[in-house]
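1. Below are the sequence and a predicted model; questions follow.
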Amino acid sequence: GENVEQHPSTLSVQEGDSAVIKCTYSDSASNYFPWYKQELGKRPQLIIDIRSNVGEKKDQRIAVTLNKTAKHFSLHITETQPEDSAVYFCAAEGGYQKVTFGIGTKLQVIP
Amino acid sequence: DAGVTQSPTHLIKTRGQQVTLRCSPKSGHDTVSWYQQALGQGPQFIFQYYEEEERQRGNFPDRFSGHQFPNYSSELNVNALLLGDSALYLCASSDSGGLNEQYFGPGTRLTVT
């Protein structure tokens, strides 16, 4: 089955700096890569996603990149703000919307 | 337009008991997936229901079973509860005919004592 590895597990950045979270996946058939943000005690919320036919996607301060050859994908958050503090999960989806999640990255933005 | 809803919010059970959790998908969605999220971990896929049948299953024992109703709502049943079943149980809904996005419900926090 699919295996998704995510790092770092924790990340502290100063407000205004950039944050980068990296993931790798094992199943070359995976074709959809969503990123979720989960605040303490709340549900995971989809913040951005990328499909296998696209190398990069950007939405305001958030961008994702995908390298299908290397089976790597990354989340980039620029100009971080305290409200960006949360746990971020990468995920990979193969057939029939079966989604495998990474272990999560706890991001702390220090004001 | 209601999003994904789940009930109950919290539940405390004793080892060996059985539990049923419920999920109503977002309007227009016909597929429901269930996940188990242990503290400090990412969600783990349990199974997915589409057209009232289990379509995909993760690495969970058959103590975990489910059902989908004609209105697309779903139930997750866990028999012979173990302490290790304590977790947040999330359901996510999606549209089989649309893009891949899954939307999560608020979850049910299950504690097994």
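-> It's in.

2. distance of whatever residue of chain A ends up closest to chain B from residue B:24?
-> Minimum separation of chain A from chain B (C-beta to the nearest C-beta) falls at residue A:101, amounting to 3.6 Å. Every C-beta, even on glycine, is put in place using the N, C-alpha and C of the backbone. The span separating residue A:101 from residue B:24 equals 23 Å under the rule C-beta to C-beta, to the nearest Å.

3. near chain B, which residues of chain A?
-> By the rule C-beta under 8 Å from any C-beta of the partner chain, the part of chain A lying against chain B is A:1, A:6, A:32, A:34, A:36, A:42-46, A:49, A:51, A:89, A:91, A:93, A:96-104.

4. returning to what we had before: now do the contacts for the residue lying closest to the residue of chain A closest to chain B once chain neighbours are set aside.
-> The shortest distance from residue A:101 to any non-neighbouring residue, by C-beta to C-beta, 6 or more residues apart in numbering or on different chains, is to residue B:42 (3.6 Å). With contacts defined as C-beta atoms under 8 Å, 6 or more residues apart in numbering or on different chains, the neighbours of residue B:42 are A:6, A:89, A:91, A:101, A:102, A:103, A:104.

5. In this structure the first one contacts residue A:25, no?
-> No: under the criterion of C-beta atoms under 8 Å, residue A:6 is not in contact with residue A:25, lying 9.9 Å apart.

6. for the chain, where's the lowest mean pLDDT among helices and strands?
-> All of this refers to chain A. Comparing every helix and strand of chain A by mean pLDDT, DSSP states H and E singles out strand A:99-101 as the least confident one, with a mean of 91.

7. Chain B is the one I meant
-> strand B:53-57 (a mean of 91).

8. Can you tell me the strand partners of that strand and which way each runs?
-> For strand B:53-57, sheet partners with direction are given as strand B:44-50 (antiparallel), following DSSP bridges.

9. Who does the spatially closest residue to residue B:65 that is not a sequence neighbour form a beta bridge with?
-> With C-beta to C-beta, 6+ apart as the measure, residue B:77 is the residue that lies nearest to residue B:65, at 4.9 Å, once sequence neighbours are left out. Per DSSP bridges, residues listed as beta-bridge partners of residue B:77: residue B:20, residue B:65.
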